[in-house]
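K.L.:
output the structure for:
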Amino acid sequence: MKLLESSRFEALSSALSAGTGDCAISGRIESYSCKLAGADKAQYKRLATRGSPHDLQALSPSPATATSSSAPTYTYSAAHASLYSRSLSGDEEGMLCDTISRKTLFYLKATLNSAFHDYDFSNAKSHEFSKEPSLQWVMQQVDANLSAVAGDQYRSLRGPVWAAIDDEIGMADCDIYSYNPDLASDPFGEPGCLWSFNYFLYNRKLKRIVFFTCRAINPIYAADSGVDFAMDEDEDIY
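P.N.:
As a prediction, the model looks like this:
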């Protein structure tokens with residue numbers, strides 16, 4: 001995955017990484033091209049030899065589904081893939097969970113590998129990812145998390161953040177996925193992390209992914225995490 005340089009995203013990422021008093025925020029917004037080259041292209045060719053890139057794999061339910069009073073809750077298990085296969089053959093009515101093609105899953109893992117160089121996500125499983133039900137729900141979750149800890153600081157950034165993402169990726173035309181790993185696989189699983197989110201906005205037509213990742217850090221650990229516990233209010237983010 002090729003990182004597409006954006007001074008606009010760099011400024012917003014810097015503004016999102018700041019101390020708020022109760023915790024420190026570390027945020028990044030990055031855009032990646034899905035046009036593969038080099039090591040990614042070679043790895044994708046190896047993937048293609050093990051089955052069709054269009055084969056479907058089971059995702060875990062979105063937290064939106066899991067917390068909705070109008071939708072059933074369930075936990076991913078190893079049996080989900082076989083149950084989904086039976087649904088395709090007509091032995092079960094309807095799908096038990098969202099699915100993702102092996103090709104799209106590869107793009108998500110390649111994005112994580114590009115974003116977090118100290119980790120290897122090549123063996124991440126499909127059930128560590130979810131497909132989000134709507135753009136509105138994702139925006140509400142991001143806004144709620146950041147407003148709760150950054151207050152007015154984030155409210156002044158909210159408009160520029162979503163405008164920049166929309167200009168880059170066309171949010172209405174995107175599928176949105178999230179990465180929700182177990183603690184052993186979480187790049188934000190170090191001591192002091194209070195919460196984190198990892199969202200991928202994938203525009204198939206543009207062959208591009210915008211990755212929006214953020215974490216809240218206990219101020220005791222903020223210095224070790226590389227977060228400046230202050231906000232540069234004069235930085236031009238527009």
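K.L.:
burial measure for Arg102, as a count.
P.N.:
For Arg102, the neighbour count with other CB atoms under 10 Å is 18. From N, CA and C alone the C-beta is placed, and that goes for glycine too.
K.L.:
what does the one 4 residues further on give?
P.N.:
Applying other CB under 10 Å, we find 21 residues neighbouring Phe106.
K.L.:
how far does the helix or strand hosting it sit from its chain's centre?
P.N.:
Using DSSP states H and E, the secondary-structure element containing Phe106 is helix 102-115. Using CA atoms, centre = their mean, to the nearest Å, the distance from the centre of helix 102-115 to the centre of the chain it belongs to is 10 Å.
K.L.:
stretch 9-24 now?
P.N.:
When C-alpha coordinates are averaged (CA atoms, centre = their mean), stretch 9-24 and its chain have centres 18 Å apart.
K.L.:
quick check: closest non-adjacent residue to the residue positioned nearest the centre of the chain.
P.N.:
What sits nearest the mean C-alpha location of the chain, by CA atoms, centre = their mean, is Tyr199, with 2.2 Å. Distance criterion CB to CB, 6 or more residues apart in numbering; nearest residue to Tyr199, sequence neighbours excluded, is Phe212 at 4.7 Å.
K.L.:
need the contact list for the one you found.
P.N.:
With contacts taken as CB atoms under 8 Å, 6 or more residues apart in numbering, Phe212 has the following neighbours: Gly27, Arg28, Ile29, Val142, Ile165, Phe197, Asn198, Tyr199, Leu201.
K.L.:
partners of the helix or strand hosting it, with directions?
P.N.:
Counting by DSSP H and E, the element that carries Phe212 is strand 208-217. With DSSP bridges as the criterion, the sheet partners recorded for strand 208-217 are strand 24-33 (antiparallel), strand 193-203 (antiparallel).
K.L.:
just give the number of residues close to Ser122.
P.N.:
Residues contacting Ser122 under the criterion other CB under 10 Å number 12.
K.L.:
where's it relative to Cys97, distance?
P.N.:
With distances defined as CB to CB, to the nearest Å, the gap from Ser122 to Cys97 amounts to 23 Å.
K.L.:
ok, Lys131 next?
P.N.:
For Lys131, the distance to Cys97 under the criterion CB to CB works out to 9 Å.
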